[in-house]
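Novice: Following is a predicted model, sequence given first.
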Number of protein chains: 2
Amino acid sequence: VGESIGGLGEFGLIGRITRRLTQGANVELGPGDDAAVIRAPDGRVVVTSDLLVQDRHFRLDWSTGYDVGRKAAAQNLADVAAMGARPTAILLGFAGPAETPVRWVEALCDGLRDECDLVGASVVGGDVVRSPGITLAVTALGDLGGSAPLLRSGASPGDVVAVCGRLGFAAAGLDLLLAGLDGPLAEAHRRPQPPYAAGPEALRLGATSMLDVSDGLVQDLRHIAAASGVRIALSSQLLPTAPGVTLEHVLTGGEDHALAGTFPSAQGLPERWRVIGSVVEGEGLTVDGADYGAGGWDHFAR
Amino acid sequence: VGESIGGLGEFGLIGRITRRLTQGANVELGPGDDAAVIRAPDGRVVVTSDLLVQDRHFRLDWSTGYDVGRKAAAQNLADVAAMGARPTAILLGFAGPAETPVRWVEALCDGLRDECDLVGASVVGGDVVRSPGITLAVTALGDLGGSAPLLRSGASPGDVVAVCGRLGFAAAGLDLLLAGLDGPLAEAHRRPQPPYAAGPEALRLGATSMLDVSDGLVQDLRHIAAASGVRIALSSQLLPTAPGVTLEHVLTGGEDHALAGTFPSAQGLPERWRVIGSVVEGEGLTVDGADYGAGGWDHFAR
């Protein structure tokens, strides 16, 4: 497997990582000091952070380091986009065993960098420490460009519910991998493709609420219902379908990081926004008029 | 030990955490959405992130959850202060076993909150996931208030080197704990006391470079020497002493998070800034004119 990170030492590893990165226009000061300095022209900064734990959020036999980097960046950049903001920077905390191959960490950073490149963000800093298993901590920053952030609490009865991006692909891919199979859906599990530009676009389109689908459509839309004090009514006929993706995958599968939001009207929504239901008086979520069980991902329950 | 976090589930645990927090004036949007929104009046944001791994950065038999929270916040807030900035917010990523007592995590968050209170910062978000051991990821943000950040690269020959805060206390305390003893120095290991206000103060005083002493005075000042293209010449007679703290502790002990910087002159430095040496032509670091070995903490070498 070649050189291990234990042989490089902390500062050697940091040097290997930073030489793979490029610093974009949002970066006043990149890696190498006590902290980074990132432009926040709006006068506010959007910030979110996620942990990914080996064998829980990724498996080394299913995903390459590069895949894990793409996914780790994507899930955080999608959170920024879901506020209607433009991502500017991410930081990586890497904890892992001394015997981790340097090549794996380099590939991880390449993945982070390439996913960031899709939105003009930069990898600007972080930390490396030794740990029995690999744990990644990713923090993403973003800029709202003068707009109010798109919250979960703004949905009103009469709004339509719309989604942009893939639903159920990652969950269907996970089922394939669990069965020892592979294919395009497994690739969707390895590398989500959040529709980043749709976040600021939704803001311009007058969206009243938004989030990214990380734990499952039903579970996540329940958050909008609860925060807004409304009921979300989905119609299964309106939900997207794809070969190998079941209705269950679409309703409860997470990790595709589609954006789901509510809009005052379906009029004027670009084609990539698919209307899947409506907002009505009440609470909770229904599918075809019936309550739908609390499906979705709970990081402690499973 | 009472209730465990596995019984609460992810969203139950997040609820328990957020109810202990208060959101200060820097916070436009706190926990509960896809991301937080923090004021960045300067138009730039300072950001830094660290990982703390159980049995490597803290031990459950030496430190309470509250201690770990204080320390985790302190080391990140000190990084922000070392740029000359005022901390505004931190995020916590918590990875831990399902059997972790809820009370431990609550105490952790109380510690984070109380350390943040010292500087007017708020705990604004994060993530909780299951993991075999406890790993914490802390991200801190700060505001520069219109000033240029204090870098490691600005020292010039003729500058004086000065420190503010404790040196060697945490290392001496660690030695006590390793010997099965306890006392005030052990408390210094559990809860560093970075001189946060000295960061922006140094900026006003015209400091030319600064960092926080996290890995040891010699090792960290070598970073200033390397980044600035100068030699740092320390005088052991000028270094602070304290009962139970050896010169070795002072020179190589990390985790007190003192601030160390360079200034054009010793004139006008407030008493809490102690001059310990000077900046001269050359490279590296000397103590009493002799090279000093590369002591200090490497997160992979030990």
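Specialist: Received the coordinates, thanks.
Novice: what's the span of stretch A:250-263, first residue to last?
Specialist: End-to-end distance for stretch A:250-263: 21 Å, by C-alpha to C-alpha, to the nearest Å.
Novice: ok but residue A:90 is inside a strand, no?
Specialist: Yes: counting by DSSP: H, G, I helix; E, B strand; the rest coil, residue A:90 is found in a strand.
Novice: Check the secondary structure at the residue of the stretch 1-150 of chain A found nearest chain B for me.
Specialist: Relative to chain B, the nearest point of the stretch 1-150 of chain A is residue A:137 (3.2 Å; C-beta to the nearest C-beta). For every residue, glycine as well, the C-beta is placed using N, CA and C. State at residue A:137, reduced to three classes by three-state DSSP: strand.
Novice: OK, contacts around it?
Specialist: The neighbourhood of residue A:137, defined by C-beta atoms under 8 Å, 6 or more residues apart in numbering or on different chains, consists of A:49-52, A:92-93, A:95, A:126-127, B:49, B:51, B:93, B:135, B:137, B:139.
Novice: And for residue A:173?
Specialist: Counting by C-beta under 8 Å, 6+ apart, residue A:173 makes contact with A:183, A:185-190.
Novice: Tell me if residue A:51 really is in a strand.
Specialist: Yes: Residue A:51 forms part of a strand when assessed by three-state DSSP.
Novice: Helix or strand for the nearest residue to it once chain neighbours are set aside, just tell me which one.
Specialist: Distances taken as C-beta to C-beta, 6 or more residues apart in numbering or on different chains put residue B:93 closest to residue A:51, at 4.4 Å, once the chain neighbours are dropped. Per DSSP states H and E: residue B:93 is located in strand B:86-96.
Novice: quick one: strands adjacent to that strand?
Specialist: If you go by DSSP bridges, strand B:86-96 pairs up with strand B:122-130 (parallel), strand B:135-143 (antiparallel).
Novice: So which of the ones you listed is the most surrounded?
Specialist: Mean neighbour counts were taken over those using mean count of other C-beta atoms under 10 Å in any protein chain shown, and the top value, a mean of 30, falls to strand B:135-143.
Novice: pLDDT on that one, on average?
Specialist: Mean pLDDT, strand B:135-143: 98.
Novice: what distance separates that strand from the centre of its chain?
Specialist: Relative to the centre of its chain, strand B:135-143 is centred 10 Å away, using C-alpha atoms, centre = their mean, to the nearest Å.
Novice: And for stretch A:211-229?
Specialist: Centroid separation for stretch A:211-229 versus its chain: 14 Å, with C-alpha atoms, centre = their mean.
Novice: Buried residues in that stretch, which are they?
Specialist: Using 16 or more other C-beta atoms under 10 Å in any protein chain shown as the test for burial, stretch A:211-229 gives A:211-225, A:227-228.
Novice: Same check on stretch A:61-72?
Specialist: Within stretch A:61-72, the residues that count as buried by 16+ other C-beta under 10 Å are A:62-72.
Novice: So which of those are in helices?
Specialist: Members of those lying in helices (criterion: DSSP state H): A:65-72.
Novice: so where's the stretch 151-300 of chain A uncertain?
Specialist: Low-confidence segments of the stretch 151-300 of chain A (pLDDT under 70): A:293-300.
Novice: Could you pull out the strands in it for me?
Specialist: For the stretch 151-300 of chain A, the strands defined by DSSP state E, counting those that start in this stretch occupy A:160-164, A:209-212, A:231-234, A:259-263, A:274-280, A:284-287, A:290-291.
Novice: count of neighbours near residue A:132?
Specialist: 17 (other C-beta atoms under 10 Å in any protein chain shown).
Novice: what residues are up against it?
Specialist: The contact partners of residue A:132, by C-beta under 8 Å, 6+ apart, come to A:97, B:132-133.
Novice: Out of those, which comes closest to residue B:28?
Specialist: Nearest to residue B:28, judged by C-beta to C-beta, of these is residue B:133 at 34.7 Å.
Novice: How is that closest one assigned, secondary-structure-wise?
Specialist: Secondary structure, three-state DSSP: residue B:133 is coil.
Novice: Just give the nearest non-adjacent residue to it, would you?
Specialist: Once flanking residues are discounted, residue B:133 sits nearest to residue B:54: 4.6 Å by C-beta to C-beta, 6+ apart.
Novice: ok, now which ones touch residue A:236?
Specialist: When contacts are counted by C-beta under 8 Å, 6+ apart, residue A:236 touches A:247, A:287-288.
Novice: same thing but 10 Å
Specialist: Contacts for residue A:236 (C-beta atoms under 10 Å, 6 or more residues apart in numbering or on different chains) come out as A:247, A:250-251, A:276-277, A:287-288, A:292.
Novice: do the same with residue A:244
Specialist: Residues counted as contacts of residue A:244 (C-beta under 10 Å, 6+ apart) are A:168-169, A:172-173, A:175-176, A:183-185, A:188.
Novice: now with 7 Å?
Specialist: By C-beta atoms under 7 Å, 6 or more residues apart in numbering or on different chains, residue A:244 lies in contact with A:172, A:185.
Novice: Got phi/psi on it?
Specialist: With angles defined as degrees, to the nearest 10, residue A:244 shows backbone torsions of phi 90, psi 0.
Novice: In CSV, could you pull the C-alpha coordinates for stretch A:217-233?
Specialist: What follows is stretch A:217-233, C-alpha atoms only, in CSV (Å, rounded to 0.1, in the frame of the first residue of the first chain):
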residue,chain,number,x,y,z
LEU,A,217,-37.7,12.7,2.0
VAL,A,218,-40.5,11.8,4.5
GLN,A,219,-38.3,12.4,7.6
ASP,A,220,-36.8,15.6,6.3
LEU,A,221,-40.1,17.1,5.1
ARG,A,222,-41.5,16.4,8.5
HIS,A,223,-39.0,18.9,9.8
ILE,A,224,-40.5,21.6,7.5
ALA,A,225,-44.0,20.6,8.6
ALA,A,226,-43.0,20.9,12.3
ALA,A,227,-41.0,24.1,11.9
SER,A,228,-43.7,25.7,9.8
GLY,A,229,-46.7,24.4,11.7
VAL,A,230,-48.3,22.9,8.6
ARG,A,231,-49.0,19.5,7.1
ILE,A,232,-47.1,18.3,4.0
ALA,A,233,-49.3,16.2,1.6
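Novice: what does it contact?
Specialist: A:152-157, A:161, A:167, A:209, A:211, A:213-214, A:250-252, A:260, A:262, A:277-286, A:292, A:294-296.
Novice: What count of nearby residues applies to residue A:180?
Specialist: Neighbour tally, residue A:180, other C-beta under 10 Å: 6.
Novice: How about the one 4 residues further on?
Specialist: When neighbours are defined as other C-beta under 10 Å, residue A:184 has 13 of them.
Novice: ok, now the one 4 residues further on?
Specialist: Around residue A:188 there are 24 other residues, counting by other C-beta under 10 Å.
Novice: count of residues packed around the residue nearest to it when sequence neighbours are not counted?
Specialist: Leaving aside its sequence neighbours, residue A:188 sits nearest to residue A:169 (C-beta to C-beta, 6+ apart; 3.7 Å). Neighbour count of residue A:169, defined by other C-beta under 10 Å: 27.
Novice: you'd agree residue A:169 is up against residue A:186?
Specialist: No: counting by C-beta atoms under 7 Å, residue A:169 stays clear of residue A:186, with 9.7 Å between them.
Novice: Name the nearest residue to residue A:147, ignoring sequence neighbours.
Specialist: residue A:203 (5.2 Å).
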